[in-house]
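Q: fold the following, please.
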Amino acid sequence: MTGLIFHLIPHTHWDREWYLPRAAFQARLVAVLDDLIERLQRDPAYRTFLLDGQTVLLEDYLRARPERDSDIKALVKTGRLQVGPWYVLPDEQIPSGEGLVRNLLLGATDAERWGGRLDVLYSPDAFGHPAAWPTLAREFGIRYGVVWRGLGGEVGQERDLYRWAGLDGKEVLLWHLPPAGYEVGAKLSTDAERVFATWAPVRGALVARAAGKHIPVFIGADHHAAHPEVSRLRDLLAELDPQSAFRVSRLDEFFQAAAEGAKPTPLAGELRWSYRYAWTLQGVHATRAPLKRRYSEAELMLTRLAEPLAALARRAGGRDRRPLLELAWRGLVRCQFHDSIAGCVSDAVAHALETRLGGVEALASEIVRGSVHDLAHHDPDAARARPADAQPTLVLWNPAARPRRGVAIADVTLFRRDVLVGPPGSPGPPGRVPRVGEGYGPLMLATADGRAIPVQVLDRRIANERLDAQRHYPDQDEVDQVRIAVRAPPLAGLGLATVAIATGASAPGARPSGEGVHVKGRSLVNHWIEVALEPTGALALHDRRSGQRFAELLRIEDGGDAGDTYSYCPPAAPPRGGPSARDAPRGRPADTLHPGDRESDGMAPAARAPSHGPRGHARRGRDGLRHGRATGGRHAGRGVPARDARAHGAGAPIRGGGERAAGARAPRSRVLRIRVDARRRSAAHAAAVGGRVVARQSADASGTRRLADRDAARPVSGAQPHRPGIGAGVAGRAGARRRDPRAVGGRLPAVARVLAA
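A: Numbers count the residues shown, from 1 in each chain. All right, here's what the predicted structure looks like:
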């Protein structure tokens with residue numbers, strides 16, 4: 001094919017955090033951008049560089065090099081440094097649509113401050129793309145886009161140029177990266193003797209899919225510095241392939257040229273399937289679920305509570321909290337980075353995300369608190385100065401734009417007594433005397449016109465409450481915290497109402513009417529529906545008006561996961577008769593575990609060690625064993641710690657006779673191993689062959705081991721503490737063969753008695 005025009009696109013792909021924490025990659029970024037800026041300033045022939053489509057990289061760089069701000073502005077304004085349009089390269093499936101809009105808004109704001117935005121929606125590494133992607137681009141004035149994963153390998157997806165239509169009909173001209181992705185030209189050599197060998201396969205892969213004569217060649221890779229000799233590479237390729245033209249181009253220059261006379265393939269819908277073409281990695285959307293849930297909660301808190309309340313408060317004459325909102329949004333959007341929110345990161349990064357989200361939640365909470373105070377005309381300082389004049393009040397707010405009524409769940413606190421903190425005395429006698437209140441009693445809520453509101457008490461507990469005011473030290477109180485269900489009065493869209501709280505004998509309260517929900521055995525019934533809890537744990541729904549019944553609703557199926565943080569892999573079927581192993585050492589039955597079997601690094605690859613906290617909770621799979629997320633590493637998160645990544649799959653169940661169960665990964669070790677203190681061998685052996693699994697144990701200060709699963713409430717007496725991070729053994733329970741404990745040391749030891757109970 002002759003007459004082709006190849007556009008060389010120098011770039012880097014920069015994962016802000018991944019297998020290393022952000023600070024480590026930031027240090028490397030500073031060195032890379034120092035070199036790039038000096039290269040662009042020194043060599044006019046180095047026309048341009050694509051900075052990965054995300055402005056956060058410049059933000060990170062300028063934290064270390066603030067003196068370079070003017071240099072960056074000069075390069076961006078002249079088009080030599082391409083920045084944006086994203087703030088961070090996000091995962092596009094997990095954040096909400098509003099979250100993606102905020103990402104692009106922040107990117108546009110930053111890019112304009114530095115001199116101009118790249119008008120190409122560049123998504124080179126996201127794990128699939130939503131159907132609204134073209135609409136999102138066009139709403140920001142962007143007509144072009146680049147993607148890799150989620151497209152390719154199916155009939156009708158053989159070319160590289162598409163006209164992708166959104167759900168509303170808006171379209172973008174989309175260029176699809178080749179199977180090698182954004183690294184396709186990373187290995188092109190500027191050695192005259194090697195350039196042909198490196199160029200031939202790249203040319204072949206690109207030309208085979210070309211829909212027109214204009215073809216981009218991305219020159220860069222993960223965390224790579226700028227290619228040092230792009231101009232020389234262009235000249236060598238032009239000499240090698242004289243029938244084609246070669247240019248060093250901006251990405252938007254390629255699209256402007258390609259759009260002329262192009263016949264792109266029409267495309268519609270979401271892009272989430274490309275397994276015949278590139279790693280689509282849809283499994284990341286289930287990795288580190290607690291982290292994703294916390295992100296969503298923080299995002300909802302900003303969009304549904306903090307921002308609307310702050311806007312209403314400002315309109316009513318309250319404080320302007322927009323700078324705080326932008327600070328919170330920047331923190332939240334940084335968590336959208338595709339590897340970060342996907343969870344395919346090291347544990348250190350996951351912990352940093354938890355901290356970052358905690359900061360967002362704290363900011364949002366303060367914005368909500370201050371805005372409600374403004375709207376309710378509450379002055380905390382006046383309330384502290386004249387506590388007798390303060391009236392306990394419940395604030396009800398409708399976050400929807402439409403009028404609403406219904407049942408609201410609220411926590412109210414009723415004062416019991418002061419909790420004295422600080423110095424024991426005061427300047428004047430008789431010193432501080434703690435106040436004492438009535439605490440919980442008959443409760444009544446009433447509207448401003450005196451109408452009683454039905455209240456149902458759901459829960460009550462003693463708690464501590466801190467009251468803050470800007471001109472006073474915090475006031476720590478002991479309170480009765482009461483969770484109530486309230487039939488809220490009708491509220492206008494975004495409307496707010498205050499409800500007086502009264503307690504004591506004079507506040508009998510209004511009882512919920514008979515039109516509410518009634519409990520009938522294992523069922524909840526109201527006028528319209530009946531919901532029953534089935535013996536299986538599922539729910540059954542009966543529509544009392546139509547007579548229709550729906551069974552097996554919300555049934556939870558809990559299975560194991562033998563994969564990593566990128567891909568789910570179901571565990572194999574459980575073995576019958578307990579665990580077995582091939583080629584067990586001589587003199588020992590193949591279905592037993594021996595505490596002396598251990599890896600040189602002290603870990604037990606055959607054990608599936610559950611992990612708790614931000615990495616996800618341990619769970620019991622179909623194989624009856626405990627499973628959980630693992631610690632960090634390149635494919636961190638499921639199965640084994642980082643240093644044992646080589647042992648992935650070593651715990652796959654093995655059928656009797658040594659045959660590996662279908663679908664299970666081949667084990668690296670042929671003997672199931674556990675790690676225990678050598679002094680407790682007989683007890684641990686008995687526990688392994690006679691009891692059930694304890695997959696991870698930890699020691700408290702007294703040296704008593706605590707079990708990490710359902711036996712956590714049963715301390716193991718007489719046991720020696722394990723060192724942290726030790727894996728444990730695997731023993732079948734259902735159908736397992738019970739061995740005589742006397743064979744390993746006489747009577748059943750205490751450890752085995754607890755485990756086998």
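Q: rest of the way, CA atoms for contacts and neighbours
A: OK.
Q: where in the stretch 451-600 of the chain is pLDDT low?
A: Within the stretch 451-600 of the chain, the ranges that satisfy pLDDT under 70 run 504-515, 574-600.
Q: show me where it has helices.
A: Shown for the stretch 451-600 of the chain, no helices are assigned by DSSP state H, counting those that start in this stretch.
Q: where along it do the strands fall?
A: 452-453, 455-469, 472-491, 496-503, 518-520, 523-525, 529-533, 539-543, 549-553 (DSSP state E, counting those that start in this stretch).
Q: contacts for the fourth one, please.
A: Read it as strand 496-503. For strand 496-503, contacts defined as C-alpha atoms under 8 Å, 6 or more residues apart in numbering pick out 376, 391-398, 440-448, 491.
Q: let's go with 7 Å and repeat that
A: For strand 496-503, the external contacting residues (C-alpha atoms under 7 Å, 6 or more residues apart in numbering) are 392-398, 441-448.
Q: now the longest one
A: Applying C-alpha under 7 Å, 6+ apart, the set of residues contacting strand 472-491 from outside is 398, 403-419, 439-440, 453-468.
Q: next one: stretch 351-364
A: Counting by C-alpha under 7 Å, 6+ apart, 295, 298, 301, 302, 306, 328, 331, 332, 335 sit against stretch 351-364.
Q: just the CA atoms of that stretch, as CSV, please.
A: Written as CSV, here are the backbone C-alpha positions of stretch 351-364 (Å, rounded to 0.1, in the frame of the first residue of the first chain):
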residue,chain,number,x,y,z
HIS,A,351,-4.2,2.2,51.9
ALA,A,352,-3.4,5.6,50.4
LEU,A,353,-6.7,5.6,48.6
GLU,A,354,-8.5,4.9,51.9
THR,A,355,-6.8,7.9,53.4
ARG,A,356,-7.6,10.1,50.4
LEU,A,357,-11.2,9.1,50.5
GLY,A,358,-11.3,9.7,54.3
GLY,A,359,-10.1,13.3,53.6
VAL,A,360,-12.9,13.7,51.0
GLU,A,361,-15.5,12.4,53.5
ALA,A,362,-14.2,14.8,56.2
LEU,A,363,-14.4,17.8,53.9
ALA,A,364,-17.9,16.9,52.7
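Q: returning to what we had before: which one of the contacts of strand 496-503 is nearest residue 200?
A: Nearest to residue 200 out of those is residue 398 (C-alpha to C-alpha; 63.5 Å).
Q: contacting residues for the closest one?
A: Neighbour list for residue 398: 404, 491, 493, 494, 495, 496 [criterion: C-alpha under 7 Å, 6+ apart].
Q: rerun at 8 Å
A: Counting by C-alpha under 8 Å, 6+ apart, residue 398 touches 404, 491, 492, 493, 494, 495, 496.
Q: separate out the buried members of the residues you listed.
A: Listed as buried from the contacts of residue 398 are 404, 491, 492, 494, 495, 496; burial here means 16 or more other C-alpha atoms under 10 Å.
Q: just send the residues you listed back as a markdown table, with distance to residue 4 too.
A: Formatted as a markdown table, these follow (distance: C-alpha to C-alpha, whole Å):
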| residue | distance to residue 4 |
| --- | --- |
| 404 | 62 |
| 491 | 65 |
| 492 | 63 |
| 494 | 58 |
| 495 | 62 |
| 496 | 64 |
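Q: most widely separated two among the residues you listed?
A: Using C-alpha to C-alpha, the two most remote members of the buried ones among the contacts of residue 398 are 404 and 496, lying 11.2 Å apart.
Q: out of the strands of the stretch 451-600 of the chain, the one nearest residue 73 is which?
A: Closest approach to residue 73 among the strands of the stretch 451-600 of the chain (C-alpha to C-alpha): strand 455-469, 43.4 Å.
Q: can you list contacts of that closest one?
A: Under C-alpha under 8 Å, 6+ apart, the answer for strand 455-469 is 380-381, 384, 443-445, 474-487, 509-512.
Q: circling back to that earlier point, I'd like the strands of the stretch 451-600 of the chain laid out as a markdown table, including distance to residue 273.
A: Output for the strands of the stretch 451-600 of the chain, formatted as a markdown table (distance: least, C-alpha to C-alpha, whole Å):
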| stretch | distance to residue 273 |
| --- | --- |
| strand 452-453 | 53 |
| strand 455-469 | 47 |
| strand 472-491 | 45 |
| strand 496-503 | 46 |
| strand 518-520 | 46 |
| strand 523-525 | 42 |
| strand 529-533 | 38 |
| strand 539-543 | 33 |
| strand 549-553 | 29 |
